[in-house]
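Trainee: My questions are about this predicted structure, shown below with the sequence.
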Amino acid sequence: MITIKNAHVLYGENMDLCKANIIIEENEIIEVSEKLLKGKIIDGKGCIAAPSLINSHVHIGDSVAKDMGDGYSIDKIVKPPNGIKHQILAKTSSQDIIEAIQCTLDLMLQTGTSTFVDFREGGFEGIDLLKKAGINSSITKIILGRHESFYNSNNSRSELKKTVEMILKSCDGIGLSGFGEVDDEITTIITDICRKNSKLSSIHVAEYEELQISSLKLTGKTEVERALKAGFDLLIHVTFPLNDDLKLISETGTSVVSCPRSNGSLCVGIPPLKEMLDLGINICLGTDNLMFNSPNMFSEMEFALKVTRAYYKEYISPVEIFKMATVNPAKALQLNSGMIKEGKLADIMLVNGLSGDPILSLINRTQTQKINALIKEGNIVFKRYK
């Protein structure tokens with residue numbers, strides 16, 4: 001049993017500020033109380049106790065290709081199977097990829113991220129690489145796999161179904177590159193099998209204008225419409241919605257993962273976070289491709305907050321941005337975490353409070369050395385105090 005005392009606690013779904021003790025038993029928060037003290041005591045004086053962060057979209061294997069391809073078009077850099085990143089991955093040894101992933105896993109933990117969702121390329125071998133890299137890491141890895149055969153519309157549907165079933169036995173779902181590589185029939189088969197196996201399905205959609213225009217010309221539907229019809233659980237990007245895309249997302253209750261820094265790096269636009277918030281869409285944040293960004297979710301939140309305020313010239317609540325890295329992804333991924341509340345998993349970070357506003361202190365001012373402790377499912381992953 002552990003008690004975190006004296007901290008300024010961000011409690012519940014709305015991150016209400018209170019001065020209380022957090023009582024943890026095994027892997028769960030059992031009580032948030034002003035007086036109760038039990039077990040090992042962690043003094044959080046001067047700290048903010050907040051839910052640890054969830055990175056909802058990353059390509060972690062690309063840790064071996066940091067800052068490569070800058071200045072080229074998005075297709076040239078990341079479009080499978082011959083993009084710059086794919087060429088680099090093909091030439092890099094498995095051991096070098098594993099070591100690069102391990103460094104990224106450590107950095108995620110050091111920057112308050114306790115869970116991430118990886119779009120795992122490389123088929124069965126790619127899934128195995130991440131599992132080997134993370135075998136000694138306490139971070140939660142949600143692995144969305146894929147297979148090269150998905151790109152070939154001439155493959156038999158029975159073989160496709162077998163491959164999807166096999167992939168799902170070794171990971172948490174399927175993460176597809178986009179409609180430029182797979183047709184609608186294949187996506188529907190994949191989402192149906194994921195649903196039957198209680199696994200996640202996700203796809204990149206509407207990342208930039210050309211994709212949407214091409215989709216409309218080819219099928220009469222936007223990429224978003226096609227993804228919703230197929231029944232995907234998570235839509236990645238939606239940087240360039242058209243027509244009624246956002247209204248349809250809202251009506252279906254589908255979650256969106258926005259990656260503002262990646263969109264900026266690739267010159268494809270600014271995600272319409274305000275419109276999505278106004279429509280009640282469940283928005284999550286991801287750092288996306290590690291070729292362009294560090295996996296630091298504090299950096300992602302700060303960029304998202306400030307670029308959105310600048311773009312709309314309106315106030316955007318920092319609480320809503322912080323929820324995009326905590327409460328919202330926990331909801332989208334059906335995790336029992338994302339907030340400090342009785343009955344939730346004890347995924348908690350203790351961070352030095354550096355201003356009069358705890359949420360803005362976290363978003364604007366948190367650096368690695370300011371995270372004093374990270375608790376993952378009731379276990380102290382690291383601490384920077386005696």
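Mentor: Sure, I can see it.
Trainee: what's the straight distance from one end of stretch 88-95 to the other?
Mentor: 14 Å (C-alpha to C-alpha, to the nearest Å).
Trainee: Residue 178: what's it in contact with?
Mentor: 203, 204, 205, 207, 211, 223 (C-beta atoms under 8 Å, 6 or more residues apart in numbering). Any C-beta I mention is one placed from the backbone N, CA and C, and that applies to glycine too.
Trainee: outside of the helix or strand hosting residue 165, which residues touch it?
Mentor: In this assignment (DSSP states H and E), residue 165 forms part of helix 157-169. By C-beta under 8 Å, 6+ apart, the surrounding residues in contact with helix 157-169 are 123-124, 127, 145-147, 149-150, 174, 185-186, 189-190, 193-194, 197, 199.
Trainee: Recalculate using a threshold of 10 Å.
Mentor: Under the criterion C-beta atoms under 10 Å, 6 or more residues apart in numbering, residues 120, 123-124, 127, 143-150, 152-153, 155-156, 173-174, 185-186, 189-194, 196-201 lie in contact with helix 157-169.
Trainee: Which of these fall within helices?
Mentor: 123, 124, 127, 185, 186, 189, 190, 191, 192, 193, 194, 196 (DSSP state H).
Trainee: pLDDT value on the fourth one, please?
Mentor: Reading off the confidence values, residue 185 has pLDDT 94.
Trainee: and it, how far is that from residue 168?
Mentor: Residue 185 sits 19 Å away from residue 168 when distances are taken as C-beta to C-beta, to the nearest Å.
Trainee: buried set for stretch 316-333?
Mentor: 316, 318, 320-333 (16 or more other C-beta atoms under 10 Å).
Trainee: any idea which of those residues is closest to residue 15?
Mentor: Relative to residue 15, the closest of these is residue 322; by C-beta to C-beta it sits at 6.3 Å.
Trainee: wait, doesn't the closest one sit right on residue 363?
Mentor: Yes. Using C-beta atoms under 10 Å, residue 322 makes contact with residue 363 at a distance of 6.5 Å.
Trainee: Surely residue 132 is within a helix?
Mentor: Yes. According to DSSP: H, G, I helix; E, B strand; the rest coil, residue 132 belongs to a helix.
Trainee: Make JSON lines out of the ones in helices among the contacts of helix 157-169 and add neighbour count.
Mentor: Converted to JSON lines, the ones in helices among the contacts of helix 157-169 look like this (neighbours: other C-beta atoms under 10 Å):
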{"residue": "123", "neighbour count": "17"}
{"residue": "124", "neighbour count": "16"}
{"residue": "127", "neighbour count": "22"}
{"residue": "185", "neighbour count": "12"}
{"residue": "186", "neighbour count": "22"}
{"residue": "189", "neighbour count": "17"}
{"residue": "190", "neighbour count": "28"}
{"residue": "191", "neighbour count": "25"}
{"residue": "192", "neighbour count": "15"}
{"residue": "193", "neighbour count": "19"}
{"residue": "194", "neighbour count": "23"}
{"residue": "196", "neighbour count": "10"}
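Trainee: Closest one to residue 354 out of the residues you listed, please.
Mentor: residue 127 (39.7 Å).
Trainee: distance of that closest one from residue 121?
Mentor: 10 Å.
Trainee: next one: residue 200
Mentor: From residue 200 across to residue 121, the span is 16 Å (C-beta to C-beta).
Trainee: how close does the residue nearest to residue 123 when sequence neighbours are not counted sit to residue 204?
Mentor: Using C-beta to C-beta, 6 or more residues apart in numbering and skipping the chain neighbours, the partner closest in space to residue 123 is residue 147 (4.7 Å). Distance, residue 147 to residue 204, by C-beta to C-beta: 16 Å.
Trainee: more crowded one of the two?
Mentor: Between residue 147 and residue 204, counted using other C-beta atoms under 10 Å, the more crowded position is residue 204 (25 against 19).
Trainee: Quick check: closest non-adjacent residue to the most centrally placed residue in the chain.
Mentor: What sits nearest the mean C-alpha location of the chain, by C-alpha atoms, centre = their mean, is residue 56, with 0.9 Å. Distances taken as C-beta to C-beta, 6+ apart put residue 284 closest to residue 56, at 3.8 Å, once the chain neighbours are dropped.
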